[in-house]
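# I need the structure of the sequence given here:
(3 chains)
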Amino acid sequence: MILNINKKQYTVDIQGHETLAEVLRDTCGLTGTKMSCNEAECGACTVIINKKAVLSCITLAADVEGEEITTIEGLSDGDNLHPVQQAFLDHGAVQCGFCSPGMILASKALLDQNPKPDQNDIAYALDGNICRCGGYLKIFDAVRAAAEEKSSVKDKKV
Amino acid sequence: MLLNPFKFHSPADLNEAVRLHNSLNNARILAGGTFVINTLKSLKNMGVKTPENIISLKKIREIKGISRSKEELSIRSMVTITELFESPEITENFPVLKTACRHIATNPIRNMATVGGNLTCRYTWTELGAILVALDAQMHFAGSDGREEIISLEEFFKNQARSSKILKSVSIKYEKNTRTSYQRVRKSSEVDVPLLAVCIKTNFIKKRFADTRVVINNGLEFARRDLKLETFLDSVEPGNQTAASALDHLDTSIYDTKEDDYKKAMFRVSIKNAVNEILQGSKK
Amino acid sequence: MNTDKKEYTNPVGKSVPRIDGRGLVTGQAKYTFDLKLPGMLIGKLLRSPHAHAKIISIDTSKAEKLPGVKAIITARDTHLIKFGSNEYFFPQTIDQMAIEADKVRYIGDEIAAVAAVDEETAQKALSLIDVRYEILPAVFDMTEAMKPGAPQIHDALNNIALILPVNFGNPDRALKESDYVREDIFYTQSAAHCAMEPHVCVGQFETFSNKITLWTSTQAPFKCRESLAKCLKMDLNNIRVIKLAVGGGFGGKLEMFPMDFAACLLSKKAAGLPVKITYTREEEFSFSRRKHNMIYKIKSGVKKDGTLTAITGEVIADGGAYCSYGPTVLAAAMMRIFMVYKIKNFKITGFRVYTNNPISGAIRGFGGVQSGFSVESHMDLLAEGIGMDPVEFRLKNITTPNMVTVNKIMLTTNGLKECIEKATRACDWKNKRGKLKHLCRGIGIGIAADVMGSKMYKAHESAGSIIKIEEDGSVYLFTGAADTGQGSNTALSQIAAEELGVSYTRIKCTAADTEITPFDTGSFASRVTFISGNATKNAATDAKKQILNIVAEEHKMNADELDIKAEQVINKKSSSVIMNFDKALELCYSFNYGRQIIGRGSYNPKTTPIDFRTGEGNVSGSYGFEAQVAEVEVNKETGQVKVLKMWDAHDVGKAINPQSCEGQIEGSITMGIGYTFYEDLKFKNGRVVNPNFANYRLPRSIGTVPIETIFVETNDPEGPFGAKGMGEASLLPTSAAIANAIQDAVGVRIKDLPITPDKILKALKEKDLMEKSKTKS
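Now for the predicted structure:
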């Protein structure tokens, strides 16, 4: 079957019970999508399908033939990072990075649908993505900045 | 692999889905996947036998979307929680459903989970269940002869949410002068599974409760009505003390809290708040 | 080299972007979790289903016959060597075998391992291994375990792995002379690290050279190597431990795990095929490490004027089945008091107890979290007892700069007073404390100290760095320090660039590969910026000197007259430019000179050995400090507590990368908030009953608490560019600050974590009843 991933066609030979997360990572070699809990709680496996953030570890690959799938690998354009990726870097919203692909995709899905989200909108859009390293304040900063299309590195003064 | 092997089917129309469901051995319906796939993983980990066939409803057009007639709203079973949340019909006419949707699980799950799955997966905690019972929702199942079989959600839950048929849609009637209050309590954080939920819906006519439906969900059983409290509210002359008095008219047998004092206390707080919210006129 | 990013010269103190950031945001960074090698087998561990049992026999014959199984190991295949993670100072804690031989002591104890072509086969093979056990009585409660007659888990008398008695002065007399004495008992729960990347490793044995390569998700590759060498009886240079990107550690990845050992040995048995073992999330919760749940008894005295006279008490820690870093945790639970409070009379005895629960080990805060909650809550209660404001009380009793404590801790720079003053000013303490009760709001304070390393690990705690500068002026930094997301690669690169006098963009950091990078004890106890940072600075100084020697030689000058600043070699006195950095490197590698520039540095913090009979010793080269304030609102109807805001004033010495420092503080406080309200690892008969995120709740984007960070820069003379380490301390006072704020808001005191709504409601009810009975009488 053919999977439409990051605007490319991937011809894969998969079985009905393979989850999208496994197919992305093991068959397509796209290891940017992570897995952390195997119980649809942590959001590390988040991808975007038809503009909505969804969990690839509970999605059957066979069930998404023909759908538009976006993984973290599909965001940057060669050397240029997507504004959300750049904002995450600029605002210190990335520490260990394991949650980052899922978090960035969930943020992108939000901003594509709601270009001017308020604090609540951001909180609910990201409530399915756990960050254990840094908490969420800088992630909020990054999403707001990406929404404002600003990204600047601030010096912190005492 | 995360899942045990099975044969995957993706019928294009409902008749085909019904046919497969009736003819295949050890088959399970797949809606959004948030419950079924997760369950299949757990069963595999526990070494329990899992379905040999999975029938995905994803491609079936006739069970998608929300539509209305003059009298009733029809929510097809494959409508996702997010779609429900974003629906203008729901936003305008059933805001309490919208509020509940916001708090169901997490964002990606809301994007995937369906109304049909939420009501039929036999998980006693269904966020929508309590509210839809309060709204006297009707379940429309696909009969094997192409006809619809309709059963109230309340009856469906009384029967432990068991059904051998595929759910097509859920309908709720438009009513005037309704006031609804939905209260839910989480044990300890904003992102916990709820401890309990209370939904009260009434036709508030001439400053009195009428045709009140009080639905409680304690997580241990499916949402059910407190008929004793309903009778009380319909008969009382509403005033400042109504909310407090309501607590003396509960059918205590259905508030099984397994000796959880906090849960008991929170039920009382929730009912009090729900009654007061209705009296204060929130059209939720 | 093309360096047109001028703003990145003098990068220390600037929030420069993460050096590895691009890889992380694009998903291209490779974690051990992603590692796939040709011919790789999947390994799985066979675990005891019993909490306490003798192993009578293990029969692997059926499993060996299963097609696809390539290797099976049991204790028979090992040298039966025990290891411990705190073994240097506490040899009695060398109590664990990677694969147990005779006995299992907790549900999950590893007794065999299998490598097969895929996961299904490995899992099936496990089920085919026949094990016969003789089940022994087990004990799960720490106080029960200490009683005579309790099941004997190891050889330790009364199952006490370690007693740490810390005594100074004459506390009994001091208590008698106090104006107010009170005693409190606090209970802190067990918790899990929940790093997003689970424990995972790939081991490969090179048959022709007898060499092992282990890729593992670790905070301490050299510790891992050391334990592997010990257990496999191999030389250190025959074991290569490589750390790739790591998805968080928080103390749970500081030692060798049975999976590391098993992967290597399985690979050897499987003719050198690499073997990958990954923990599931359930294994993470159930069988890795956890926080010591503790009972903290504390009895202290004060004078009317607020002076602390004596602190006494007892700490009992549930250590689970083996020791791991238990001794360090226990020590931290008691010693940190001396870093923040001036106290001469002290007697606390700590007990780390064996039980048949899963293993307790190091987790962010190392015992300082449990003691933070207990001591800081207790301090507020003491202040209340003499009618003194808690801030005034602390200011009266805190340590000062340049003092030696009664247990010989040498405090140098100490910004604690400034931290308290800044935090309380920022939160408007004077106008809020005691004044918001009508809104059910309150404000509370907690203070803590941070160490830089803990001197419990080895005889030395040194770090090493190598800086290699290429002929085009690009720079390699080799450091043993392990970046697990906290940003050490970045901070160390900033230090290197600052000292070299060049742009941060020149630096490429290679870290934590035991074959290539110098030794480093690992990422724990906030040690990396201070210790590894100094090693890096020294290496940069060395490299710079080598360059300047050549430039001086060429220009017939004295090397001491020269320096490198903003990418230019300059005459220090006149500030005139001799040549730019690129030209200088060209010169070094030119025909007349041809000298490689390889700078090396090492640093061992100035500490003194700790005498564990008395508790005396200077454990760290410097100390960080903080004051944290929480403002809360309590819903008296539901018992729910909302944290409105937290303020954290932090003495970091110097913030090398302010944004990273903030990130650490925010992440740490978030973890502290989780521990305060809902993180609770629960057990029943030795089994974790909530080994998943559905039932072990973590903080999420909803309910995020605003945090204001205030840096206090005391410019430590010993730290690199004045920096101290940080990252751990921020969750130490959080629970107490919140509990103290709740007391201020609604007058109830919760002494056992987590603080749940039902506890608040119960406490409010009891308070009401007490007040009613008072008014009656």
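# can you pull out the helices in the stretch 101-250 of chain C?
In the stretch 101-250 of chain C, the helices defined using DSSP state H, counting those that start in this stretch lie at C:119-127, C:142-145, C:171-176, C:221-232.
# packing partners for the third one?
If contacts are counted by 3 or more Cβ pairs under 8 Å, 6 or more residues apart in numbering or on different chains; DSSP states H and E, helix C:171-176 sits against strand C:293-302, strand C:308-318, strand C:345-353. All C-beta spots, glycine's among them, are computed from the backbone N, C-alpha and C.
# related to what we said a few turns ago, tell me the most buried of the helices of the stretch 101-250 of chain C?
The highest mean neighbour count among those, using mean count of other Cβ atoms under 10 Å in any protein chain shown, belongs to helix C:221-232: a mean of 23.
# got the CA positions of it in PDB?
What follows is helix C:221-232 as a C-alpha-only set of coordinates in PDB (Å, rounded to 0.1, in the frame of the first residue of the first chain):
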ATOM      1  CA  PRO C 221      28.900   6.300  31.000                       C
ATOM      2  CA  PHE C 222      32.100   6.000  33.000                       C
ATOM      3  CA  LYS C 223      30.300   4.600  36.000                       C
ATOM      4  CA  CYS C 224      28.600   2.100  33.700                       C
ATOM      5  CA  ARG C 225      32.000   1.100  32.300                       C
ATOM      6  CA  GLU C 226      33.500   0.700  35.700                       C
ATOM      7  CA  SER C 227      30.800  -1.600  36.900                       C
ATOM      8  CA  LEU C 228      30.900  -3.600  33.700                       C
ATOM      9  CA  ALA C 229      34.600  -4.000  33.900                       C
ATOM     10  CA  LYS C 230      34.200  -5.200  37.500                       C
ATOM     11  CA  CYS C 231      31.500  -7.700  36.700                       C
ATOM     12  CA  LEU C 232      32.900  -9.000  33.500                       C
END
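# report the distance from that helix to the chain centre.
Distance of helix C:221-232 from its chain centroid, counting by Cα atoms, centre = their mean, to the nearest Å, is 19 Å.
# which residues touch that helix?
With contact meaning Cβ atoms under 8 Å, 6 or more residues apart in numbering or on different chains, helix C:221-232 is reached by C:78-79, C:81, C:83, C:85, C:97-98, C:212, C:214, C:216, C:218, C:234-236, C:238-243, C:254-256, C:260-261, C:264-265, C:457, C:480, C:482, C:512-514, C:519-522.
# what about 6 Å?
Outside helix C:221-232, the residues that touch it by Cβ atoms under 6 Å, 6 or more residues apart in numbering or on different chains are C:81, C:83, C:98, C:218, C:236, C:239, C:241, C:243, C:255-256, C:260-261, C:512, C:514, C:519, C:522.
# once you drop chain neighbours, what's closest to A:Gly16?
With sequence-adjacent residues excluded and distances taken as Cβ to Cβ, 6 or more residues apart in numbering or on different chains, A:Gly16 is closest to B:Phe8, at 2.8 Å.
# would you mark the buried spots in the helix or strand containing the one you found?
Taking DSSP states H and E as the definition, B:Phe8 sits inside strand B:7-9. Going by neighbour count (16 or more other Cβ atoms under 10 Å in any protein chain shown), the buried part of strand B:7-9 is B:8-9.
# direction included, what does that strand pair against?
In the sheet, strand B:7-9 lines up against strand B:53-56 (parallel) (DSSP bridges).
# C:Lys642: which of the helices and strands packed on helix C:171-176 is closest?
C:Lys642 sits nearest to strand C:293-302 of all the helices and strands packed on helix C:171-176, at 26.3 Å, using Cβ to Cβ.
# the closest one packs against which elements?
Counting by 3 or more Cβ pairs under 6 Å, 6 or more residues apart in numbering or on different chains; DSSP states H and E, the packing neighbours recorded for strand C:293-302 are strand C:180-188, strand C:308-318, helix C:368-385.
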